[in-house]
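J.: quick one: sequence and predicted model below, then my questions.
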Amino acid sequence: MKFFIDDLPILFPYPKIYPEQYAYMCDVKKCIDVGGNGVLEMPSGTGKTIALLALSVAYQMYYPEHRKIIYCSRTMSEIEKALIELEKLMDYRAKELGHVENFRGLGLTSRKNLCLHPVVGKEKKGTVVDEMCRRLTNGQLGEKVRAGEANADELCSWHEKLYEKDPANLIPPGVYSFQQLLDYCKQEGTCPYFTVRRMMPLCNIVIYSYHYIIDPKVAVRVSKDLSKDSIVIFDEAHNIDNVCIEALSMDIDEDMLQRATRGANDLSRKVDQVKKVDSSRLQDEYEKLVAGLRESDMLKESEEPFMENPILPSDVLQEAIPGSIRRAEHFISFMKRFIEYLKTRMKVLHVISETPTSFLQHLKQLTYIDRKPLRFCSERLSMLVRTLEVSDIEEFTSLKDIATFATLVSTYENGFMLILEPYETENATVPNPILRFTCMDASIAIKPVFDRFPSVVITSGTISPLDMYPRMLNFDTVVQESYAMTLDRRAFLPLIVTKGSDQVAISSRFEIRNDPSVVRNYGTLLMEFVKITPDGMVVFFPSYLYMESIISMWQGMGILDEVWKYKLILVETPDAQETALALETYRKACLNGRGAVLLSVARGKVSEGIDFDHYYGRTVLMIGIPFQYTESRILKARLEFLRDNYQIRENDFLSFDAMRHAAQCLGRVLRGKDDYGVMVLADRRFLRKRSQLPKWIAQGLLDANVNLSTDMAIAAAKKFLRTAAQPLNPKDQEKGVSVWNIEQLQSYQKQQKKINDANGLNDADSMSDNMDVTSENDSNKDDHKNDLNNNEKSTADVIQTTA
Ligand SMILES: Nc1ncnc2c1ncn2[C@@H]1O[C@H](COP(=O)(O)OP(=O)(O)OP(=O)(O)O)[C@@H](O)[C@H]1O
Ligand code: SF4
């Protein structure tokens, strides 16, 4: 279908468009036009991806600036999905335009997923693959090989092959899904990972994970050459604040310190060896440092440093490396002293929470280590590894982590905290200390993105309340919208169940969550829903610990035996492979008619990106509200920070966070307009939190369907499932309610134009007013009284799951 938004011709690869897609595209265009940021919440399964791609590609190809598109998503499967949609779009454009455009669209994922090396590619851990690859692509070694001084076998041939190709055309124009990229590179004998990395400045669109643009350690290497007028899109951005925080946080444990000591000793031995064989190398490095040269001045173009500076480029000191760490042996003993200091700090048996400033003061008192040289630790270590021409860099991973920590702790002050936890759990008696350097301010890591790129669109199916993101991430918006879902039939049935059939209130509140009557009522709810749900059903718990305890209680009550009669029971575990196996079995059981119920946790892998479309998910049951573990010290520190600095109250944040994850779980079962499903919110407290649901879910929640008991919910769901299972009437679609053909779209546009002319507005402006779109400001005026008391203690592993 071809249509215009203002003067921009859009080629849309489907014969029909959903009204919300059109409204969404108008708003995205508005953001790009005025060079501002947008926060947009679009219902699940309403074709957000293709709407974003169709609009941004049209924009890029039509206007002379040809602004590059940076599309960031969350998981590899989502990136792959976007690449496939992009391919579909470009095929359609070629058909409509009568020629294939000169367009290159590539996706980037980690080396682990793209490596073709027969040995490295088999490694399971991403960090190991990265380190091994760095050794095989070492720029210094490459030079020696080319000069005939080293054996070519020590390098990766897939990487070396790239040097034989035209650097401006390592891969011909086109859109490549990951599979197509791998196939092409296999055929050419080139490395897919570096093909994409090197072609990024020449791509029209790059689709990759947020980390590549947010995490300074990666962004400086991968995204530094992207042009400044690029259009940046963060899709599935409901967790973006956590990604920002993780980028600048790190944990140190005793094992890491031991390995760092070994690394420092090895490095020391290497220095001695080099001194004996070729002392001029170290002297040369020293002289360069005295002359004020920095690592960036010494690296050759094709060379990558051993480690990137973990801090934001704007925070890197533009000064010479301090004299005290210029000599290799001085630097190593400096690092050793720092590691020993950390080891003594770890011996404390009570929790310590301190600011970076007080940590540095204490460090100085005990060891005379100054802040300044600490700031240069990561760069200095990277230079030394280069000078020593070390190739077994895996040995120094922990030392690298300690250098990263040194640089971070000495650079950042506000918005950061150090928390030393001597015991893993509250009841543990054997110490297992962890020193956590935690960032509490998500706006720090994302600031360079907002500073550098004029248009940043943050979007997801669940980011209510929308004004929370601009506050937490500290940016201004030009558009902030939440779209309702247009439907020509009821496609989903949200139900709030607050009590069992015996009228006992149900809730996962800490005080009552293990009460046998509550557990039994939750069990009965599950049992009854299992009986009436066809095929697949997904159940979400607030945490692994609660899930385990409730499952064992259900087992004792005979509930699981009853469930078993109707469906296969599968459970998500923290182990990714086990969960993948459970999911595979689940799908098989849904396909062959046995039906299955998957017990999983909110914030877990299943809730964050697995789609249960059609018969894979007809009911989603949310047992309790997935609040974070409020006793976590990191969370407490962050809450305090948000309150003091961004005036976000603790309870507002906790309930926003819980509800975004609950909504994310609910959205799993509705994957398109022809899909249907029941969404059960089983907790008394959902009554008060109702207004915090995304607009599209709240819109489907009728007053008659809140505050239900189990039997009432079952009656409502039974009726709904019976009606929704009837075949779709194609005539319904022709009414122009939930889909528009071109005539319906044009007639809508004409009507809009008339209204606009009368009001003196432009098309896009009025779209929101007429599309049942709300500004979040008025949809979330909820009172969040006494919430802290109600917030629950779940488990620390919820936090781990999130990480
Ligand atoms: N106008 C349309 N007509 C028919 N199918 C469409 C249309 N737009 C999108 N689709 C299809 O609908 C499906 C769902 O789209 P998509 O996965 O992009 O949804 P989404 O909004 O990104 O969902 P989520 O954000 O929850 O992942 C896709 O298979 C897509 O190809
Ligand atoms: S260069 Fe490419 S193929 Fe070679 S080890 Fe690294 S990721 Fe693997």
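T.: Structure received. Residues are numbered from 1 along each chain as shown. Ligands and ions are numbered 1, 2, ... in the order given.

J.: closest residue of the stretch 451-600 of the chain to ligand 2?
T.: Closest residue of the stretch 451-600 of the chain to ligand 2, Cβ to the nearest ligand atom: A576 (21.3 Å). (Each C-beta comes from the backbone N, C-alpha and C, glycine too.)

J.: neighbours around that residue, how many?
T.: Using other Cβ atoms under 10 Å, A576 has 10 neighbouring residues.

J.: same check, this time on P322
T.: By other Cβ under 10 Å, the residues close to P322 number 17.

J.: quick check, it in contact with E379.
T.: No. With contacts counted by Cβ atoms under 8 Å, P322 stays clear of E379, the gap being 11.3 Å.

J.: next up, the contacts around whatever residue of the stretch 401-550 of the chain ends up closest to ligand 1.
T.: Closest residue of the stretch 401-550 of the chain to ligand 1, Cβ to the nearest ligand atom: G461 (4.2 Å). Counting by Cβ atoms under 8 Å, 6 or more residues apart in numbering, G461 touches 41-45, 48, 236, 238, 663-664, 667, 694, 696.

J.: from those residues, pick the one nearest ligand 2.
T.: Each of those was scored against ligand 2 by Cβ to the nearest ligand atom, and E236 proved nearest at 25.8 Å.

J.: nearest residue to that closest one other than its sequence neighbours?
T.: R74 (4.4 Å; Cβ to Cβ, 6 or more residues apart in numbering).

J.: could you measure from that neighbour over to ligand 1?
T.: Counting by Cβ to the nearest ligand atom, to the nearest Å, the gap from R74 to ligand 1 is 10 Å.

J.: against H238, how distant is that residue?
T.: 9 Å (Cβ to Cβ, to the nearest Å).

J.: swap in P118?
T.: In this view, P118 and H238 are 39 Å apart by Cβ to Cβ.

J.: of those two, who's got more company?
T.: The neighbour count for P118 versus H238, taken as other Cβ under 10 Å, is higher for H238 (25 against 8).

J.: these two touch, right, that one and G667?
T.: No. With contact defined as Cβ under 8 Å, H238 does not reach G667; the gap is 10.0 Å.

J.: so what sits against both of those two?
T.: Between them, H238 and G667 share these contacting residues under Cβ under 8 Å, 6+ apart: 461-462.

J.: report all helices and strands that the longest helix seen in the chain contacts.
T.: With secondary structure taken from DSSP state H, the chain has its longest helix at helix 254-290. Helix 254-290 sits against helix 328-345, helix 377-387, helix 397-411, with contacts defined as 3 or more Cβ pairs under 8 Å, 6 or more residues apart in numbering; DSSP states H and E.

J.: okay, the ones you listed in a markdown table with mean neighbour count and distance to ligand 1 next?
T.: Output for the helices and strands packed on helix 254-290, formatted as a markdown table (neighbours: other Cβ atoms under 10 Å; distance: least, Cβ to the nearest ligand atom, whole Å):
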| stretch | mean neighbour count | distance to ligand 1 |
| --- | --- | --- |
| helix 328-345 | 18 | 43 |
| helix 377-387 | 23 | 37 |
| helix 397-411 | 23 | 33 |
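
J.: any idea which of those helices gets closest to Q180?
T.: Q180 sits nearest to helix 397-411 of all the helices and strands packed on helix 254-290, at 33.2 Å, using Cβ to Cβ.

J.: summarise which helices and strands the closest one is packed against.
T.: So helix 397-411, by 3+ Cβ pairs under 8 Å, 6+ apart, packs with strand 250-253, helix 254-290, helix 328-345, helix 356-367, helix 371-375, helix 377-387, strand 416-421, strand 434-439.

J.: show me which residues of the stretch 51-200 of the chain are close to ligand 1?
T.: Neighbours of ligand 1 within the stretch 51-200 of the chain, by Cβ under 6 Å from any ligand atom: none found.

J.: so where do the helices sit in the stretch 51-200 of the chain?
T.: Listed in chain order, the helices of the stretch 51-200 of the chain (DSSP state H, counting those that start in this stretch) span 76-97, 111-114, 126-136, 139-146, 157-160, 178-188, 192-199.

J.: point out the most buried one among those.
T.: helix 192-199 (a mean of 22; mean count of other Cβ atoms under 10 Å).

J.: got the contact list for the helix or strand following that helix?
T.: Counting by DSSP states H and E, the element after helix 192-199 in chain order, helix or strand, is strand 205-209. Strand 205-209 has contacts (Cβ under 8 Å, 6+ apart) with 53, 56-57, 60, 68-76, 79, 82-83, 86, 103-109, 200, 222, 226.

J.: next step: these restricted to strands.
T.: In this view, those that belong to strands under DSSP state E are 69-73, 104-108.

J.: need these in JSON lines with pLDDT and neighbour count, can you?
T.: JSON lines is the format used below for the ones in strands among the contacts of strand 205-209 (pLDDT from 0 to 100; neighbours: other Cβ atoms under 10 Å):
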{"residue": "I69", "pLDDT": "97", "neighbour count": "23"}
{"residue": "I70", "pLDDT": "97", "neighbour count": "25"}
{"residue": "Y71", "pLDDT": "97", "neighbour count": "24"}
{"residue": "C72", "pLDDT": "96", "neighbour count": "27"}
{"residue": "S73", "pLDDT": "93", "neighbour count": "24"}
{"residue": "R104", "pLDDT": "96", "neighbour count": "19"}
{"residue": "G105", "pLDDT": "97", "neighbour count": "24"}
{"residue": "L106", "pLDDT": "97", "neighbour count": "26"}
{"residue": "G107", "pLDDT": "97", "neighbour count": "27"}
{"residue": "L108", "pLDDT": "96", "neighbour count": "24"}
